[in-house]
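[1] here is a sequence together with a model predicted from it:
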Amino acid sequence: MNWEQLLSAKRRRDVSGKRAKGTDLRSEFEKDYHRIIGSASFRRLQDKTQVFPLDKSDFIRTRLTHSLEVSSFAKSLGQNIGENILYYKRDECFTSRMKEDMCSILQCAGLIHDIGNPPFGHFGETAIREWFLRSLPVLTYHGTPIDKVLTPQMREDFYHFEGNAQALRLVTKLHFLVDEHGMNLTYGLLNTIVKYPVSSIQINKKSGNIKDKKMGYYYADADIFEEIVRETGTKGRRHPLTFILEAADDIAYKTADIEDAFIKGFLSFYKLLEELRGLEEAMQADAGAFNPSGKLLELYERGKVKQVENPEEYAVKNWIVRIQGFLINCATYGFTSNYKEIMAGEYAHDLFYNTFAGGLMELLGDLAYREVFTKDDIYRMEVAEAAVLDFFMDKFVAAIIKYDDDTKRMDSIDTRMISFISSNYKKAYHYHAAGKPEIERLYLRLLLVTDYVCGMTDSYAKRLYQELKAIV
């Protein structure tokens with residue numbers, strides 16, 4: 001792979017020459033940034049869950065604040081890595097301008113990496129996926145179970161429903177304001193957000209290659225995916241910037257989950273200190289290396305000297321910042337030390353693989369899971385969220401099966417359910433379904449339901465559910 005192709009500034013709809021020369025001096029990737037910031041889908045992230053649904057605290061993160069953090073970390077990593085490539089002349093074709101473009105793409109990718117996720121966080125994805133697994137073998141289309149009607153890839157798209165694939169779909173098709181090209185973002189940016197360049201029938205969790213873990217695009221969007229791959233020259237391999245975006249995402253959510261868990265009272269200072277000491281002992285950390293438990297204790301003592309009101313909170317919050325800096329340095333090393341393998345499409349791991357940073361990241365994720373995600377409070381919220389999403393899926397899918405089918409008659413409730421779906425989404429459906437075979441139109445209608453549900457904010461989903469269930 002080469003950077004000139006990887007950083008492609010082309011778009012599906014060519015907009016060059018639309019403005020008089022000299023009136024807009026932004027790069028194409030800077031234009032992407034402003035398209036994203038101005039979009040309704042990006043704004044809706046302010047009311048979507050990161051971990052704690054509908055939390056009343058102004059401190060706890062939403063999808064929006066998480067995405068801003070990922071964008072910031074991704075750009076910082078791009079600066080570090082781009083400068084390293086230039087300084088050590090790792091690639092004779094890599095230029096200072098390419099470094100700027102790399103940073104701009106990563107900044108944009110951080111903003112939209114979660115833009116396709118449904119309400120109620122990652123559990124929302126799980127609830128939708130499990131609904132399809134339960135329901136497609138039971139629901140029928142013209143007397144045949146839908147799981148038998150759909151092609152294998154169409155069926156597996158729903159069984160492996162994935163926010164990452166939904167993000168690509170959203171930005172390329174569902175912003176049906178100007179035309180069918182959505183936000184019409186650059187190919188370089190679009191490829192960066194495809195974390196898994198495989199379809200739902202190519203998933204192979206046993207391959208050992210990180211790119212095969214989940215699907216990256218739906219059957220409905222295969223043409224767009226192939227166009228992106230052809231333009232950027234990745235040919236089924238991960239885009240190098242995707243490794244950087246993933247590292248930024250991991251740093252952001254794993255450190256943020258610990259900080260949010262502490263603020264919410266799920267995790268204590270002493271529990272965190274104990275876990276860090278256990279990690280260092282297990283990994284026999286070099287005393288000369290960065291010492292997470294020692295740094296946490298040092299900050300606690302500094303807080304006491306400063307006579308802050310809560311030295312434990314002072315220590316944890318400042319420790320998070322130090323850890324983030326440490327992990328940025330580790331990810332920079334992970335990319336640059338594996339540069340040739342990454343550029344050849346042969347690197348199969350994340351940027352923290354087989355390092356102390358990898359062990360630390362694993363601990364932070366496991367700690368958040370044990371101390372937060374398995375608690376009764378969270379379980380109660382998730383059961384309630386599943387009830388909301390199951391209700392929507394039941395009602396909307398029952399109606400959508402009959403929609404745009406001359407052989408089926410919708411009743412009054414079906415008609416009203418369909419009326420709730422965004423007119424832009426319905427317009428996009430009709431555009432892409434035109435001339436397609438009957439089964440593919442059914443598949444696209446099922447996607448129309450997930451498109452609409454994924455576009456909901458937490459508050460809107462809760463309010464609509466209460467209204468439709470006549471809950472006062």
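    Ah, there it is. Numbers count the residues shown, from 1 in each chain.
[2] which parts of the stretch 51-200 of the chain are helices?
    Ranges of helices within the stretch 51-200 of the chain are 63-87, 96-112, 121-135, 146-149, 152-159, 163-169, 187-192, based on DSSP state H, counting those that start in this stretch.
[3] any idea of the angle the longest one forms with helix 121-135?
    Spelled out, that is helix 63-87. Relative orientation of helix 63-87 versus helix 121-135 (axes from the mean of the first three to the mean of the last three Cα atoms, to 10 degrees): 110 degrees.
[4] what do you get for the second one?
    Helix 96-112 and helix 121-135 are oriented at 60 degrees to each other (the same axes, to 10 degrees).
[5] list the buried residues in helix 96-112.
    By 16 or more other Cβ atoms under 10 Å, the buried positions in helix 96-112 come out as 98-112. (Each C-beta comes from the backbone N, C-alpha and C, glycine too.)
[6] could you do the fifth one as well?
    By neighbour count, and taking 16+ other Cβ under 10 Å as the criterion, the buried residues in helix 152-159 are 153-158.
[7] cool, and the fourth one?
    Of all the residues in helix 146-149, those buried under the rule 16+ other Cβ under 10 Å are 146-147, 149.
[8] what residue is smack in the middle of the protein?
    Centroid-nearest residue in the chain, with Cα atoms, centre = their mean: Asp114, separated by 3.1 Å.
[9] how close does it get to Arg463?
    As judged by Cβ to Cβ, to the nearest Å, Asp114 and Arg463 stand 22 Å apart.
[10] ditto for Pro137
    Pro137 sits 32 Å away from Arg463, going by Cβ to Cβ.
[11] go on, Tyr347?
    From Tyr347 to Arg463 the distance is 45 Å (Cβ to Cβ).
[12] comparing the two, which shows the higher neighbour count?
    Remark: of Tyr347 and Arg463, Tyr347 carries more neighbours, 23 against 13, as counted by other Cβ atoms under 10 Å.
[13] tell me where the model's unsure across this protein.
    Applying pLDDT under 70 to the chain flags residues 16-22, 50-60, 176-179, 285-289, 472.
[14] please name the residues that touch the residue of it positioned farthest from its centre.
    The C-alpha centroid of the chain is most remote from Val305, which lies 41.2 Å away (Cα atoms, centre = their mean). Taking Cβ atoms under 8 Å, 6 or more residues apart in numbering, we find Val305 in contact with no residue.
[15] hmm, 10 Å instead?
    By Cβ atoms under 10 Å, 6 or more residues apart in numbering, the residues touching Val305 are Pro311.
[16] give me the phi and psi for it.
    Phi and psi for Val305, reported as degrees, to the nearest 10, are phi -60, psi -40.
[17] what ranges does the stretch 351-472 of the chain have for its helices?
    Along the stretch 351-472 of the chain, counting by DSSP H, counting those that start in this stretch, helices occupy 356-368, 376-400, 412-420, 423-433, 438-454, 458-468.
[18] any chance of those in JSON lines, plus distance to Asn291?
    Output for those, formatted as JSON lines (distance: least, Cβ to Cβ, whole Å):
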{"stretch": "helix 356-368", "distance to Asn291": "10"}
{"stretch": "helix 376-400", "distance to Asn291": "31"}
{"stretch": "helix 412-420", "distance to Asn291": "55"}
{"stretch": "helix 423-433", "distance to Asn291": "52"}
{"stretch": "helix 438-454", "distance to Asn291": "42"}
{"stretch": "helix 458-468", "distance to Asn291": "39"}
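[19] which among these is found nearest to Gly78?
    Gly78 sits nearest to helix 356-368 of all the helices of the stretch 351-472 of the chain, at 18.4 Å, using Cβ to Cβ.
[20] please state the offset of that closest one from the chain centre?
    20 Å (Cα atoms, centre = their mean, to the nearest Å).
[21] and Gly312, what element?
    Actually, residue 312 is Glu. It isn't Gly. In this structure, Glu312 sits in helix 311-336 according to DSSP states H and E.
[22] ok and that helix relative to helix 63-87, angle-wise?
    Counting by the same axes, to 10 degrees, helix 311-336 lies at 40 degrees to helix 63-87.
[23] domains for the chain, by residue range?
    25-240, 246-376, 378-468 (automatic domain parsing).
[24] tell me which of these sits most buried.
    With neighbours taken as mean count of other Cβ atoms under 10 Å, the domains of the chain reach their highest mean count in domain 25-240, at a mean of 20.
[25] quick one: end-to-end distance for that domain.
    End-to-end distance for domain 25-240, by Cα to Cα, to the nearest Å: 27 Å.
[26] OK, contacts around the nearest residue to Phe73 once chain neighbours are set aside?
    The spatially closest residue to Phe73, leaving aside those adjacent along the chain, is Ala248, at 3.8 Å (Cβ to Cβ, 6 or more residues apart in numbering). Contacts for Ala248 (Cβ under 10 Å, 6+ apart) come out as 69-78, 106-107, 109-110, 113, 327-328, 331, 351.
[27] what does Tyr443 give?
    146, 149-151, 153-155, 157-158, 218-220, 433, 436-437.
[28] kindly report the same for Ala74.
    For Ala74, the contact set (Cβ under 10 Å, 6+ apart) comprises 102-103, 105-111, 113, 192, 241, 244-249, 251-252, 331.
[29] ok, it to Ser104 distance?
    Look at Ala74 and Ser104: by Cβ to Cβ, they are 10 Å apart.
[30] and Ala282, by the same measure?
    Distance from Ala282 to Ser104, counting by Cβ to Cβ: 40 Å.
[31] first-to-last residue distance for stretch 223-239?
    End-to-end distance for stretch 223-239: 18 Å, by Cα to Cα.
[32] so how far is it from its chain's centroid?
    19 Å.
[33] likewise for stretch 397-413?
    How far stretch 397-413 lies from its chain's middle: 32 Å, per Cα atoms, centre = their mean.
[34] one more: stretch 96-103?
    Relative to its chain's centre, stretch 96-103 lies at 23 Å (Cα atoms, centre = their mean).
[35] what residues does that stretch touch?
    Stretch 96-103 has contacts (Cβ under 10 Å, 6+ apart) with 3-4, 6-9, 27-30, 74-86, 91, 94-95, 186, 188, 192, 240-241, 244.
[36] can we see that at 6 Å?
    Applying Cβ atoms under 6 Å, 6 or more residues apart in numbering, the set of residues contacting stretch 96-103 from outside is 3, 7, 29, 75, 78-79, 82.
[37] thinking again about what came up before, for Arg13, which of the domains of the chain is the nearest?
    Across the domains of the chain, closest to Arg13 is domain 25-240 (Cβ to Cβ), at 4.7 Å.
[38] centre of the chain to the closest one, how far?
    With Cα atoms, centre = their mean, you get 6 Å for domain 25-240.
[39] likewise for stretch 431-440?
    Distance of stretch 431-440 from the chain centroid (Cα atoms, centre = their mean) equals 28 Å.
[40] gap between the two ends of it?
    Terminal residues of stretch 431-440 lie 13 Å apart, using Cα to Cα.
[41] again, but for stretch 304-317
    In stretch 304-317, first residue to last residue: 14 Å (Cα to Cα).
[42] what's the answer for stretch 258-275, then?
    Criterion Cα to Cα; first-to-last residue distance in stretch 258-275 is 12 Å.
[43] circling back: would you quantify the distance from the residue nearest to Phe73 to Phe326?
    Separation of Ala248 from Phe326 (Cβ to Cβ) stands at 14 Å.
[44] next one: Arg13
    43 Å.
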